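Engineer: Okay, here's the prediction I keep looking at, along with the sequence it came from:
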Amino acid sequence: MVRSFLIKKEVDIYYNYFFVAMFFIDIYRAFKFAWQSFWRNFWLSIVTITIISLALISVSLLLSFNLITANVLDIVQARTEIYIDLTDQAKTAQIDFLVNELNRVPDIKEVVYVTPDQTLERFKATYQDNELVIQSLESLGTNPFTGSLRIKVQEIDQFPVLLEEISKPEYSEILEIDNAEFYQARDLITSISSYSDKIEGFGFGISIFFILISVIVVFNTIQMGIYSHREEIGIMKLVGASNWFVRAPFLIEGVLYSVVAILIVLILFYPIAALIQPHLDNFLGEYTLDLVQSINQNIWLVLALEIGIAMFITVVSSFLATRRYLKV
């Protein structure tokens, strides 16, 4: 009886080893089948990978644009200070009164009086590389600037509140609100918001278009693979192969398309970012943003999104194709 128990236990152990070995053999065969199918339809595989890559690039660029917009708004918000010139008629008592009044406005963070000499030094620092401007300034022999107010707001969207406050009639004799710097800051924010909405909508549409095209292309590619292996599939089903064993090679083939497409996107993404950088610098002007560095800081988010979308495209397409044409 003890001997029978030991024999049964030994058989169970060997059976478990056999089961594990067969499992890995099945996985190996599935990968081998997928690899052969990939190379057998090489040009079709290239087309499929190209379409998936375009979908991933469009999604990655859309995500990058959202990150750029967020970073630019953070940069602008960190520099939400403007200088508003004072008129020649402004008196010290009026300036002090105005500073105190503006500091009491909840949406205004800080108001500081800047003397004419400080304004002159700031102007020289701004145009230090422009010799013509500096020479013209020195030829005057006197300081042409009046004092100014340096004003900081709490948030970038509160500029209209500031404009309304300083446009009050009682301040007209003190402030020169026809200030280029003020309107430049306001216009930049308006431009960013406007371009952000338009590009985001366009990018979203392009991304959805390429994703749908990718699903169709992968679906047809897998269908072609099923057709070219129809005899092998018939034999496998005839000898009792499981549904998973028949479907697995095509699912793996779809994943293989995703992996290659992701690698291509990662290789091309940084050169594309480098090409975009000069145009981004021209648009932002004095506000600088390193696009590559911004991508590096969010690389795991970009990579996770690419993997998720690529797997969705290929796995869903492969599953639908095998379900329809293999009847499993």
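Structural biologist: Done, it's in.
Engineer: where are the low-confidence patches of the stretch 151-300 of the chain?
Structural biologist: For the stretch 151-300 of the chain, the stretches flagged by pLDDT under 70 are 155-160, 177-197, 199-200, 203, 229-230, 233, 236, 240-242, 283-289.
Engineer: In it, what residue spans correspond to strands?
Structural biologist: With DSSP state E, counting those that start in this stretch as the criterion, the stretch 151-300 of the chain has strands at 175-176.
Engineer: quick one: the helices in it?
Structural biologist: Listed in chain order, the helices of the stretch 151-300 of the chain (DSSP state H, counting those that start in this stretch) span 159-166, 180-228, 230-238, 243-284, 291-297, 299-325.
Engineer: Next, format those helices as a markdown table and append mean neighbour count and distance to Arg40.
Structural biologist: Every residue, glycine included, has its C-beta placed from N, CA and C. What follows is the helices of the stretch 151-300 of the chain, written out as a markdown table (neighbours: other C-beta atoms under 10 Å; distance: least, C-beta to C-beta, whole Å):
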| stretch | mean neighbour count | distance to Arg40 |
| --- | --- | --- |
| helix 159-166 | 16 | 62 |
| helix 180-228 | 16 | 6 |
| helix 230-238 | 13 | 12 |
| helix 243-284 | 17 | 10 |
| helix 291-297 | 15 | 37 |
| helix 299-325 | 18 | 16 |
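Engineer: Nearest to Ile134, out of those?
Structural biologist: helix 180-228 (19.1 Å; C-beta to C-beta).
Engineer: Which elements pack onto the helix or strand encompassing Leu63?
Structural biologist: Using DSSP states H and E, Leu63 sits within helix 42-78. For helix 42-78, the elements it packs on are helix 180-228, helix 243-284, helix 291-297, helix 299-325, judged by 3 or more C-beta pairs under 8 Å, 6 or more residues apart in numbering; DSSP states H and E.
Engineer: check contacts around the residue nearest to Ala274 when sequence neighbours are not counted.
Structural biologist: The spatial neighbour of Ala274 that comes closest, neighbours along the chain excluded (C-beta to C-beta, 6 or more residues apart in numbering), is Val292 at 6.9 Å. Neighbour list for Val292: Tyr270, Ala273, Ala274, Gln277 [criterion: C-beta atoms under 8 Å, 6 or more residues apart in numbering].
Engineer: Tabulate the helices of the stretch 151-300 of the chain (a markdown table), appending distance to Ser172.
Structural biologist: As requested, the helices of the stretch 151-300 of the chain are exported to a markdown table (distance: least, C-beta to C-beta, whole Å):
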| stretch | distance to Ser172 |
| --- | --- |
| helix 159-166 | 10 |
| helix 180-228 | 15 |
| helix 230-238 | 85 |
| helix 243-284 | 33 |
| helix 291-297 | 43 |
| helix 299-325 | 50 |
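Engineer: now for those, which one comes closest to Ile25?
Structural biologist: helix 243-284 (10.6 Å).
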